[in-house]
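Asker: Quick one: sequence plus predicted model below, questions after.
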Amino acid sequence: SAFHRYEHGVEYKVVRKVVRNGEEFMGSFPKHSRFNIEQLVDHFHNGGYSVVINDMQRRWNSIARMAKQMEEELNTMQAYVNLYLTPEVLVEGASTNKNGLVRQGFIAHWDLMDVIIIQLAGRKRWSVAREPIVYLSNKDTKRKPTTKEVEHYANNNRFLEFTMCPGDVMYIPRGHMHNASTIAFDQMNRKWMDWDACPDYPTDSAEAGALADALKMPSLHLTFGLDSEYTLEALLHHAILAYFEDGPRNASKNGVALPAGLCTDPSHNTRYHDVTWQSVLHHLLAEVARRENDCDSPSHRGTSRKNPRDCDTAILRQSVPLLLLTNNDGINVDVKTLDVTRQVDIHILNRAYLNAVDAFGSSASTGNTAEFILTHLFRPSSGQGSFSYPGMIAEHAILCPRELNSLSEAVFEKNLEEFVLFAKNNFYSSFKAMNIEGKSTRDMVREQRWSDLEKVGKGGGV
């Protein structure tokens, strides 16, 4: 077999959940490990490891076509497709929990993308949180749930419990914690533990017994992850660019916020640069959009605190549908030329954008931003840090964030107010710029996808 040529952690992964001292971890093998097919089968059936193959949209034509259709109908940048194969439960040697015999590849977690799951074969038991821990979580707010958070959800009926059967489809919004496992057949009670059965299954004991053998099979499902990089935060970053390129001219806006000399640290050999007001606004926005508010905490649900959907800063993480300004001629900012449905969608987006601008303008803080840069962006080992604005190129982090607190409050407020006013009046131009950038990125993604499919012999005009 040629399978041994494929590298673990590159083309595929084998993983399983392990529990140590009451805490869940994901167990796996070192990256670049190589297995022959017999070893992989042994790890799968006897070791209880799940097999994960990422980027199926770049490996299989029919999956690529479906991903493309989702991208176009849901106006998202791209859909990532992963395949998950989880072994059937063995009576002997399988791990157990209070609900029965199970096999799991992943610990309880949440995704940074909205996902659509299609069950292809076998069955799988799912637990999905009714509400998120962090509303509209993105890659910077995604983290491993704490044991306390998982227990809080489990003990307070905050999980939906159900079984996915072949042909079932499920949508999980980003940020909603979930886990899944294959399940054991209870020979004594002739049922799948106490969990709901798939539709139209026989109930008589003889047929149920025969069915038990038929259902002792691995679970196979596809997960379509919908890119969430283009958000209202990304749209405001484009507005910041437009403000400094086309906005009203004034000395402070185009000047230096922090001179390089103010950032000099004799103990470092770092070469500092002037920090512009444009860089300050980008960093202020990045901090506000990544706040994990008190009202996002599950311990505050049901109290007098605000509902997490109403958290002002969380709106900046709301996804923005791409290419709404596209017609047969390409990108067009004249909304009147678009169909009524798109005009309505753009009107709704405009209202959300204005709310996001207000949230940023009322929440931006130099002190919070300085702490954010120090704890999230700054890398002491290299003496510098960087982060990527959603949907845009990387930006160097401010290397002397504490000095942000020395900014003149009057000048800071003036710059912030002027940008907020400009942003509110320039939604369409900012949205057009993001559409142009998004279309270019999507075209490159699809060209690479087609090239990859050709390499594996699965091409065909995707």
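Answerer: Thanks, I have the structure now.

Asker: can you give me the strands in the stretch 251-400 of the chain?
Answerer: 256-258, 275-276, 326-327, 330-331, 386-388, 394-396 (DSSP state E, counting those that start in this stretch).

Asker: Check the ones you listed for me: which has the lowest mean pLDDT.
Answerer: Here the lowest mean pLDDT among these goes to strand 386-388, at a mean of 57.

Asker: hang on, P87 packs against T182?
Answerer: Yes. Between P87 and T182 there is a contact under CB atoms under 8 Å: 6.7 Å. Just so you know, the C-beta spots here come from the backbone N, C-alpha and C atoms, and that holds for glycine as well.

Asker: Extract the residue ranges of the stretch 351-462 of the chain that are flagged as low pLDDT.
Answerer: 376-397, 458-462 (pLDDT under 70).

Asker: now with 50?
Answerer: 379-385 (pLDDT under 50).

Asker: Below-threshold pLDDT in this protein: ranges please.
Answerer: Using pLDDT under 50, the flagged stretches of the chain are 1, 92-100, 185-195, 214, 251, 294-310, 379-385.

Asker: Helices of that one, start to end?
Answerer: Assigned by DSSP state H, the chain shows helices spanning 37-45, 61-74, 147-155, 205-214, 232-246, 251-254, 260-263, 277-289, 340-363, 366-372, 409-424, 427-455.

Asker: Adding distance to G167 and mean neighbour count, write the ones you listed out as TSV.
Answerer: Converted to TSV, those look like this (distance: least, CB to CB, whole Å; neighbours: other CB atoms under 10 Å):
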stretch	distance to G167	mean neighbour count
helix 37-45	24	15
helix 61-74	15	17
helix 147-155	28	15
helix 205-214	16	12
helix 232-246	36	21
helix 251-254	57	14
helix 260-263	60	14
helix 277-289	38	23
helix 340-363	30	16
helix 366-372	45	18
helix 409-424	46	17
helix 427-455	26	17
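
Asker: quick one, what contacts G47?
Answerer: Listed by CB atoms under 8 Å, 6 or more residues apart in numbering, the contact set of G47 reads R16.

Asker: Could you do the one 4 residues further on as well?
Answerer: With contact set as CB under 8 Å, 6+ apart, V51 has these partners: Y12, K13, V14, L40, F44, Y84, L85.

Asker: Point out the ones among those that are inside strands.
Answerer: When DSSP state E is applied, these are split such that K13, V14, Y84, L85 fall in strands.

Asker: End to end on stretch 239-256, go ahead and measure it.
Answerer: Using CA to CA, to the nearest Å, one end of stretch 239-256 lies 19 Å from the other.

Asker: scratch that, stretch 224-239
Answerer: End to end - CA to CA - stretch 224-239 spans 31 Å.

Asker: follow-up on the earlier one: need the helices of the chain in a markdown table with distance to L316, can you?
Answerer: Below are these laid out as a markdown table (distance: least, CB to CB, whole Å):
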| stretch | distance to L316 |
| --- | --- |
| helix 37-45 | 42 |
| helix 61-74 | 20 |
| helix 147-155 | 23 |
| helix 205-214 | 50 |
| helix 232-246 | 4 |
| helix 251-254 | 22 |
| helix 260-263 | 28 |
| helix 277-289 | 4 |
| helix 340-363 | 5 |
| helix 366-372 | 14 |
| helix 409-424 | 12 |
| helix 427-455 | 14 |
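
Asker: Out of those, the one nearest S137 is which?
Answerer: S137 lies closest to helix 277-289 among the helices of the chain, at 11.6 Å (CB to CB).

Asker: What separation do you get for the residue nearest the centre of the chain and N61?
Answerer: Centrality entry for the chain: nearest residue to the mean C-alpha point is L112, 1.7 Å, by CA atoms, centre = their mean. L112 is 27 Å from N61, where distance means CB to CB, to the nearest Å.
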